[in-house]
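> after the sequence you'll find the predicted model.
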Amino acid sequence: MSDTQPQNAIIVGGGAAGLYCAFQLAKGGVAVTVFERNPLFGKKLRITGKGRCNMTNDCTPQEFLDNIYRGKKSLRSAIYGHTPQDVMAEFESIGVPVKVERGNRVFPMSENAHDVAARLENVCRRLGAELVSERVTEIILDDTGTAVGVVAAGTEHRAGAVVIATGGLSYPKTGSTGDGYRFAQRAGLAVTEKSPSLVPLLSDEPCCPALQGLSLKNVRLTVTDDEGREKYSGFGEMLFTDRGISGPLILTASAQLDFSAKACYNASIDLKPAVTEAELDARLLAMLASAQNKDVVNALHGLLPASLLPELLDKAGIDGRLKANSLTKDARKSIIRTLKGFSVAISGPAPIDEAVITRGGVDMSEISSSTMQSKKVPGLYFIGEVLDLDGKTGGFNLQIAWSTAFLAAKAVTASLLEIQ
């Protein structure tokens, strides 16, 4: 940069990554302006974790990297440079006390995502950051290909550094509509194919609308492809929707599936993972013996939630109106097989606007992993979900936002202070 260039920074996008970067820049004495297309800053942040805001995961940097699906190597500098514990300490320092729950998930003590977003916004303003509700339509490059500003509401705004924090394509109502990808491509950067991740899965099976709203806990889910190869296996909670299946287990599984090649998948749900087939057979025999003259669907009352039992019998090929005393050994085996593998054929993922995050984005080979600056365009930085980085549920994706924002802020501060 030349000495004639501005000594301020502009951030495009006032979400989690953008606000956290602005906080770090302002704290370091850099004049910073954040442009956000929404009147409300941190709009997506305010709905994360079902409104509770799973801020991060209280794990070591290596454990964090073990939970990253794409971009693991590119995140080493970011996560070791700004750990989950650093993030927790930062929020504590600005008046957001935190607590750690099951799975090392970190939440604000208030369990209110609005508190996190509002406090971050307020501290940015207090430190002198300018927060402007205008949409940026263009990144300005000079004759040397250096980023020197933006165009917002038809007006040019010059800066010594431009940071893109526009998010992905998930939750478009919060303002994530792909602006950052367009900026990157216009600047000559590669953007990988984008698809939904951490997303509900769709199914055409009639059992799904019949079981809509049913939540299952402590089940084992196994997803296989059309050749029977296991793609995911996990234990936890899920639920049925009118269009398919969702819940923590399903969202996690979705990140392991590739629908780009139109692959077919099958979800197999072990409804009784802690019970062996022999134990199940003994239990069925006892239940049938105590209700010999009842219909099977009534004789097995209590084995499963009431709405699930008829669907299980249907998948097992058994008429629920049969009398308990007429149920054969082979029929019992069929029930047991279905209990240990309730099958749901997957037709695809829900639309990307229903996904928690976007898979794909600005190619990390285009970005310096130590600064988050474009390798091709000096002065242009990318942070957060706009990048081709994603991880499991449990606070890992917000940690990506915090760590990449911190790294960019550190680099921008060093660059601008060198001018001074």
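Great, that's in hand.

> skip the chain neighbours and tell me the closest residue to Gly360.
Of all residues beyond its chain neighbours, the one nearest Gly360 is Lys194 (3.9 Å), with distances taken as Cβ to Cβ, 6 or more residues apart in numbering. C-beta coordinates here come from the backbone N, C-alpha and C atoms, glycine included.

> show the contacting residues for the one you found.
Neighbour list for Lys194: Gly168, Leu169, Gly178, Tyr181, Ile352, Thr358, Arg359, Gly360, Gly361 [criterion: Cβ atoms under 8 Å, 6 or more residues apart in numbering].

> so what's the residue count around the last one?
Neighbour count for Gly361, taken as other Cβ atoms under 10 Å: 28.

> from Ile400, how far off is it?
According to Cβ to Cβ, to the nearest Å, Gly361 stands 11 Å off from Ile400.

> which neighbours do those two share?
Joint contacts of Gly361 and Ile400 (Cβ under 8 Å, 6+ apart) are Glu385, Leu387, Leu389.

> out of these, who's nearest Lys333?
Nearest to Lys333 among the shared contacts of Gly361 and Ile400, counting by Cβ to Cβ, is Leu389 at 46.7 Å.

> quick one: contacts for the nearest residue to that closest one once chain neighbours are set aside?
The shortest distance from Leu389 to any non-neighbouring residue, by Cβ to Cβ, 6+ apart, is to Gly71 (3.7 Å). By Cβ under 8 Å, 6+ apart, the residues touching Gly71 are Met364, Leu387, Asp388, Leu389, Asp390.

> so of the shared contacts of Gly361 and Ile400, which ones are in helices?
Using DSSP state H, no member of these falls in helices.

> who wins for neighbours among these?
With neighbours taken as other Cβ under 10 Å, the top of those is Leu387, carrying 32 neighbours.

> distance check, that residue against Asn397.
11 Å.

> next one: Thr56
Computed with Cβ to Cβ, the distance linking Thr56 and Asn397 is 10 Å.

> who's more crowded, those two?
Neighbour tally, Thr56 and Asn397, criterion other Cβ under 10 Å: the higher count belongs to Thr56, 30 against 26.

> surely that one is in contact with Ile400?
No: here Thr56 does not reach Ile400: they are 9.8 Å apart, not a contact under Cβ atoms under 8 Å.

> surely Ser195 touches Ala350?
No: Ser195 is beyond contact range of Ala350, at 11.4 Å (criterion: Cβ under 8 Å).

> show me the contacts for Met109.
Met109 makes contact with Val96, Pro97, Val98, Lys99, according to Cβ under 8 Å, 6+ apart.

> and with 6 Å instead?
Pro97, Lys99 (Cβ atoms under 6 Å, 6 or more residues apart in numbering).

> can you give me the pLDDT of it?
Met109 carries a pLDDT value of 97.

> and what of Arg359?
91.

> list phi and psi for the nearest residue to it once chain neighbours are set aside.
Counting by Cβ to Cβ, 6+ apart, Arg359 lies nearest to Ser197, which is 3.8 Å off, once chain neighbours are set aside. Dihedral pair for Ser197: phi -140, psi 150, per degrees, to the nearest 10.

> just give the number of residues close to His301.
His301 has 13 neighbours, counted by other Cβ under 10 Å.

> kindly report the same for Asp330.
The number of residues packed around Asp330, counting by other Cβ under 10 Å, is 8.

> from the contacts of Gly71, which is closest to Ala159?
Set against Ala159, the nearest of the contacts of Gly71 by Cβ to Cβ is Leu387 (20.4 Å).

> show me what that closest one is bridged to.
Listed by DSSP bridges, the beta-bridge partners for Leu387 are Val362.

> any idea how far Ser197 is from it?
As judged by Cβ to Cβ, Leu387 and Ser197 stand 13 Å apart.

> same check on Pro305?
30 Å.

> for Leu313, give me its contacts.
Gly320.

> can you start the count at 517 instead of 1 from here on
I'll keep to 517 as the first residue from here, and by that count the last item is Leu829.

> give me the pLDDT for it.
pLDDT recorded at Leu829 is 96.

> Thr740 reaches Asn782, doesn't it?
Yes: at 5.4 Å, Thr740 and Asn782 qualify as touching, with contact defined as Cβ atoms under 6 Å.

> follow-up on the earlier one: burial count for the residue nearest to Arg875?
Neighbours of Ser713 under the rule other Cβ under 10 Å: 27.

> so it touches Val872, yeah?
No: using Cβ under 6 Å, Ser713 is not in contact with Val872, being 7.3 Å away.

> what about Arg651, how many neighbours?
Applying other Cβ under 10 Å, we find 16 other residues in the vicinity of Arg651.

> since that was my last question, I'll sign off now.
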